[in-house]
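S.K.: Only the shape, not the letters, is given here:
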């Protein structure tokens, strides 16, 4: 049975490579969530009663929405920690490859 010539396979993304679109989504989500949290917090600060210049309690506007945004923000912090971890792992792998190509010896 003659072997058939298959067309060249298109280059697929390596699973360990980052997808730039997903990074952009995380960046814009982080900016949006933090902007909303800041606006609600500032609006709550400026909406406090006038005679209470000091010592009065105040609440951010938005109530439960503010709490949900704060929880989402904690999740985004964890995502950024994971991205940073993968970045540092990549740096470590590159350093390891350089050492192995050099013969594994470290000059004093």
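M.R.: Received the coordinates, thanks. If you're wondering where the values come from, they're calculated on a predicted model, not measured in any experiment.
S.K.: tell me which element the spatially most central residue of the chain falls in.
M.R.: The chain has residue 80 as the residue nearest its centroid, 3.1 Å off, counting by CA atoms, centre = their mean. Using DSSP states H and E, residue 80 maps to helix 64-101.
S.K.: quick one on the thing from earlier: mind listing what the residue nearest to the centre of the chain touches?
M.R.: Applying CB atoms under 8 Å, 6 or more residues apart in numbering to residue 80 gives the contacts 26, 30. (Each C-beta comes from the backbone N, C-alpha and C, glycine too.)
S.K.: any idea how far residue 26 is from it?
M.R.: Using CB to CB, to the nearest Å, residue 80 is found at 7 Å from residue 26.
S.K.: How far does the helix holding residue 80 sit from its chain's centre?
M.R.: 7 Å (CA atoms, centre = their mean, to the nearest Å).
S.K.: Give me the distance from the helix or strand of the chain with the lowest mean pLDDT to the chain's centre.
M.R.: Ranking every helix and strand in the chain by mean pLDDT, DSSP states H and E puts helix 20-46 at the bottom, with a mean of 90. Offset of helix 20-46 from its chain centre (CA atoms, centre = their mean): 12 Å.
S.K.: quick one: low-confidence ranges for this protein?
M.R.: Scanning the chain for pLDDT under 70 picks out 1-3, 8-19, 49-50, 52-55, 58, 104-108.
S.K.: Now with 90, please.
M.R.: Where the chain drops to pLDDT under 90, the residues are 1-23, 41-63, 97-108.
S.K.: Would you enumerate the residues in contact with residue 69?
M.R.: Neighbours of residue 69 in contact, by CB under 8 Å, 6+ apart: 33, 36, 37, 40, 62.
S.K.: farthest pair in those?
M.R.: 33 and 62 (12.1 Å; CB to CB).
S.K.: Remind me which helix or strand residue 4 belongs to.
M.R.: Judged by DSSP H and E, residue 4 forms part of no helix or strand.
S.K.: number of nearby residues for residue 40?
M.R.: The local packing of residue 40 (other CB atoms under 10 Å) involves 19 other residues.
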